[in-house]
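**Q** could you work out the structure for the sequence below:
(chains A and B)
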Amino acid sequence: GIQVEQSPPDLILQEGANSTLRCNFSDSVNNLQWFHQNPWGQLINLFYIPSGTKQNGRLSATTVATERYSLLYISSSQTTDSGVYFCAVTMDSNYQLIWGAGTKLIIKP
Amino acid sequence: DVKVTQSSRYLVKRTGEKVFLECVQDMDHENMFWYRQDPGLGLRLIYFSYDVKMKEKGDIPEGYSVSREKKERFSLILESASTNQTSMYLCASKIGGRSYEQYFGPGTRLTVT
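**A** Sure, this is the predicted structure:
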């Protein structure tokens, strides 16, 4: 089945720093989503981005479907950005989201 | 804005009890999902429903059942709760079809003692 790999697994940064999170997937996908899971467990939709580039405030994402990767950029990090960032994809063949293992981000004040 | 709500944030039940977890979405979405999330195992799909009264097994359906009598509501049922069902349970919904994004509820942290 399709493999979804995220890197790095852990990231510790000072407030104000920029970061890039990566998601590689092993097959063609028709849906790719980035989520932020906050310390209370809620999964928050960041981007629906099967291809192209999107921006939302300090966050932006780029998916290069032909090369099977997606990048999430966080600029000017704040402590509230801490949590786990997940990438998840679906394929043509079914509805199921296939999840990466996540990147745990800690932003220190 | 899509809103997915779950009946409880925290729940404590005893072994052998029947447990109902309720999920409601307000965007007329056709598809609804139940996941559980455990440390080191990520999110795993338990069941999903692509329409009213329709259900499909996910990766780990054993010990669970579901009910979808109305479009907006998807219930997860633990017929006889066991300690290995202690977990975070997350509900999601989306528009019908293979594409489109899933929206998640706040989660229910279930502890079975």
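
**Q** hey, what's the nearest residue to B:Y10 once chain neighbours are set aside bridged with?
**A** Closest residue to B:Y10 in three dimensions, ignoring its sequence neighbours and counting by CB to CB, 6 or more residues apart in numbering or on different chains: B:R109, at 5.1 Å. C-betas here are computed from N, CA, C, even on glycine. B:R109 has these beta-bridge partners by DSSP bridges: B:Y10, B:M88.

**Q** close enough to count as contact, B:R109 and B:M88?
**A** Yes - the pair B:R109 and B:M88 qualifies as a contact (CB atoms under 8 Å) at a distance of 5.3 Å.

**Q** mutual contacts of the two, please.
**A** With contacts taken as CB atoms under 8 Å, 6 or more residues apart in numbering or on different chains, the residues that reach both B:R109 and B:M88 are A:G41.

**Q** spit out the contact partners of the residue nearest to B:Y10.
**A** Counting by CB under 8 Å, 6+ apart, B:R109 makes contact with A:G41, B:R9, B:Y10, B:L11, B:S87, B:M88, B:Y89.

**Q** possible to save those residues as CSV with distance to A:I74, neighbour count and pLDDT?
**A** CSV is the format used below for the contacts of B:R109 (distance: CB to CB, whole Å; neighbours: other CB atoms under 10 Å in any protein chain shown; pLDDT from 0 to 100):
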residue, distance to A:I74, neighbour count, pLDDT
A:G41, 20, 18, 86
B:R9, 27, 13, 92
B:Y10, 30, 9, 95
B:L11, 33, 17, 97
B:S87, 29, 20, 97
B:M88, 24, 16, 96
B:Y89, 28, 25, 97
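
**Q** A:F86: which of those residues is nearest?
**A** A:F86 has its nearest neighbour among these in A:G41, at 12.3 Å by CB to CB.

**Q** next, the closest one: phi, psi?
**A** Torsion angles at A:G41 (phi, psi; degrees, to the nearest 10) stand at phi 100, psi -10.

**Q** the closest residue to it other than its chain neighbours: neighbouring residues, count only.
**A** Once its chain neighbours are removed from consideration, A:G41 has its nearest residue in B:G107; the separation is 4.4 Å (CB to CB, 6+ apart). The burial metric for B:G107, expressed as a neighbour count using other CB atoms under 10 Å in any protein chain shown, is 23.

**Q** pLDDT value on B:G107, please?
**A** Predicted confidence (pLDDT) for B:G107: 94.
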